[in-house]
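Let's see this in three dimensions:
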Amino acid sequence: MPSNPQSPSRSTLLKKASRYRMLSALLSILDRYFSWPLPPRPKLEIAIPSKISKCPGPIDLHIFTAPSNPLCPRNQTAQPPPRPVLINFHGGGFSIGHAQDDSHWTGAVLKAYPDAVVVSVNYRLAPEHPFPVALQDGVDAILWLWGQAEKYNLDKTRFGLSGFSAGGNLALTVPFRLYEELQTQRWASKGKIDLAGLVAFYPSVDWTRSLPERDATDPASEEKSLISPSMFKFFGDSYLHHADLPKLPGTDRVDMSHPYLSPGLAPGSLLQAAYPPAVAVYTCGLDQLLVEGNTFRERLGGFVQEGKMASVGGYMVEEKIHGFDKKPSFWRKNRARDMMYGDAVGQLKVMWKID
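Okay, here's the model as predicted:
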């Protein structure tokens, strides 16, 4: 769904973004501070410089660890085994949201694996920073953490990615941009980076489909969705800035099937070259993105049958809307969320090769 050249001005989009962000922040606060069990808070926040993007600026990394196992600079005298790393991307249509929105997911990971390090990337948002800035920020985060692995005792063989909604799209597209970056001369002498696994929750994987087309694939989702058509349009207008989008070769026509936008349509050769051996994709039964997500998971599953990938996991959460796990639950439990996170934590066990 390409951005319309006649879309609202950036100033108009910024005003809308401010309102949406305030609402998003309120819901996130209710979820993080008033929904039990309370999730962990970051132990460390680091601002790293953007190097890949043409838009300079800081990228904030929020680092979570188990209370009993803080992130410390390497001690040469007594060194525990290197720690697995999960790099997470929050949702919000690339335009709203914050790195701490997925704290309940972080809590589930650290409860199961106290030695893990979870890094949530506060990538820069549209409309101030439209495509491809978020994608580039994700690559910068991986490269910075990779460069700091020795200092913080991070296991380079166990770097995984996860993300929700727009962040799920990033978890699935960042490996492509990372693969491209690693082909450049400036990285040729620094060695190869192999990701251990990807976990994507209700991601967008096919931007060639308009909202009406997506609604048509799952009619029940339209009336139950919390994302209104006007909000969906705001997300597209903000992130998919026409001038910055990839073009079809030799033309000025936008290529919405490009892998950096639509990972579900990426060539098989690129998927096999850029993706790790294990991937998990979770979808929601009442979601406009249900069919494209399921289709992509099934496509990846075909690679497993052909012996080109090790495992593909995830499943459809029945009767749940997009972002159901982010609604404040207060004193009530969110059983569907706990089951989905529990299954995803099991996928990490495979990706991180934990016995």
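
which secondary element of the chain has the worst mean pLDDT?
Ranked by mean pLDDT, DSSP states H and E, the weakest helix or strand in the chain is helix 185-188, scoring a mean of 72.

Return the list of helices and strands in contact with that one.
With contacts defined as 3 or more Cβ pairs under 8 Å, 6 or more residues apart in numbering; DSSP states H and E, helix 185-188 has no helix or strand neighbours. C-beta here means a position set from N, CA and C on the backbone, and glycine is covered the same way.

ok, residues contacting the helix or strand following it?
For helix 185-188, the following helix or strand on the C-terminal side (DSSP states H and E) is strand 197-201. Here strand 197-201 makes contact (Cβ atoms under 8 Å, 6 or more residues apart in numbering) with 160-165, 167-169, 171-172, 175, 275-282, 293, 314, 325, 340, 344, 347-348, 350-352.

So which of these are in strands?
Among the contacts of strand 197-201, the members found in strands (DSSP state E) are Gly160, Leu161, Ser162, Gly163, Phe164, Ala278, Val279, Ala280, Val281, Tyr282.

Which per-residue confidence value corresponds to the last one?
It refers to Tyr282. pLDDT for Tyr282: 98.

burial of Val304, as a residue count?
Residues near Val304, counting by other Cβ atoms under 10 Å, number 16.

ok, the spatially closest residue to it that is not a sequence neighbour - contacts?
The spatially closest residue to Val304, leaving aside those adjacent along the chain, is Val312, at 5.3 Å (Cβ to Cβ, 6 or more residues apart in numbering). Neighbour list for Val312: Ala278, Val279, Ala280, Val281, Arg297, Leu300, Gly301, Phe303, Val304 [criterion: Cβ under 8 Å, 6+ apart].

What values do phi and psi take at Val312?
As for Val312, its main-chain torsions (degrees, to the nearest 10) stand at phi -130, psi 120.

any idea how far stretch 333-348 is from the chain center?
Centroid displacement of stretch 333-348 relative to its chain, using Cα atoms, centre = their mean, to the nearest Å, is 17 Å.

all helices for the stretch 101-250 of the chain, in order.
Assigned by DSSP state H, counting those that start in this stretch, the stretch 101-250 of the chain shows helices spanning 103-112, 133-147, 149-152, 166-182, 185-188, 211-217, 219-224, 229-239.

winner for burial among the ones you listed?
helix 166-182 (a mean of 25; mean count of other Cβ atoms under 10 Å).

so which helix or strand takes in Gly285?
In this assignment (DSSP H and E), Gly285 forms part of strand 278-286.

Any buried residues in that strand, and which?
Ala278, Val279, Ala280, Val281, Tyr282, Thr283, Cys284, Gly285, Leu286 (16 or more other Cβ atoms under 10 Å).

surely the fourth one meets Gly293?
Yes: here Val281 lies in contact with Gly293, judged by Cβ atoms under 8 Å, at a distance of 5.7 Å.

For the two, list the residues in contact with both.
Ala200, Pro203.

re earlier: what would the helices of the stretch 101-250 of the chain look like in TSV with distance to Pro73?
Shown next, in TSV, are these (distance: least, Cβ to Cβ, whole Å):
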stretch	distance to Pro73
helix 103-112	20
helix 133-147	14
helix 149-152	6
helix 166-182	26
helix 185-188	25
helix 211-217	47
helix 219-224	48
helix 229-239	37
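
Which of those sits closest to Ser204?
For Ser204, the closest of those is helix 166-182, at 4.8 Å, according to Cβ to Cβ.

roughly how far out does the closest one sit from the chain middle?
For helix 166-182, the distance to the chain centre is 9 Å (Cα atoms, centre = their mean).

between that helix and strand 197-201, how big is the angle?
Going by axes from the mean of the first three to the mean of the last three Cα atoms, to 10 degrees, helix 166-182 is angled at 150 degrees with respect to strand 197-201.

Average pLDDT for helix 166-182, rounded please.
Per-residue scores along helix 166-182 average to 97.

Tell me, please, where in the stretch 101-250 of the chain the pLDDT is lower than the cut-off.
Applying pLDDT under 70 to the stretch 101-250 of the chain flags the ranges 188-189.

change it to 90
183-193, 219-228, 242-243 (pLDDT under 90).

And the pLDDT at Thr77?
Taking Thr77 on its own, its pLDDT is 63.

can you check Ser3 too?
Looking at Ser3, the pLDDT reads 43.

just Asp355 next, same as before
Per-residue pLDDT puts Asp355 at 84.

what about it, neighbour count?
When neighbours are defined as other Cβ under 10 Å, Asp355 has 3 of them.

How much space separates it from Lys349?
For Asp355, the distance to Lys349 (Cβ to Cβ, to the nearest Å) stands at 9 Å.

go on, Leu30?
Noted for Leu30: a distance of 31 Å to Lys349, by Cβ to Cβ.

one step back: among the contacts of Val312, which pair sits farthest apart?
Pairwise distances across the contacts of Val312 peak at 13.7 Å for Ala280 and Phe303 (criterion: Cβ to Cβ).

now the longest helix along the chain: mean pLDDT?
Determined from DSSP state H, the single longest helix within the chain is helix 10-33. Mean per-residue pLDDT for helix 10-33: 96.

For it, name the packing helices and strands.
helix 103-112, helix 229-239.
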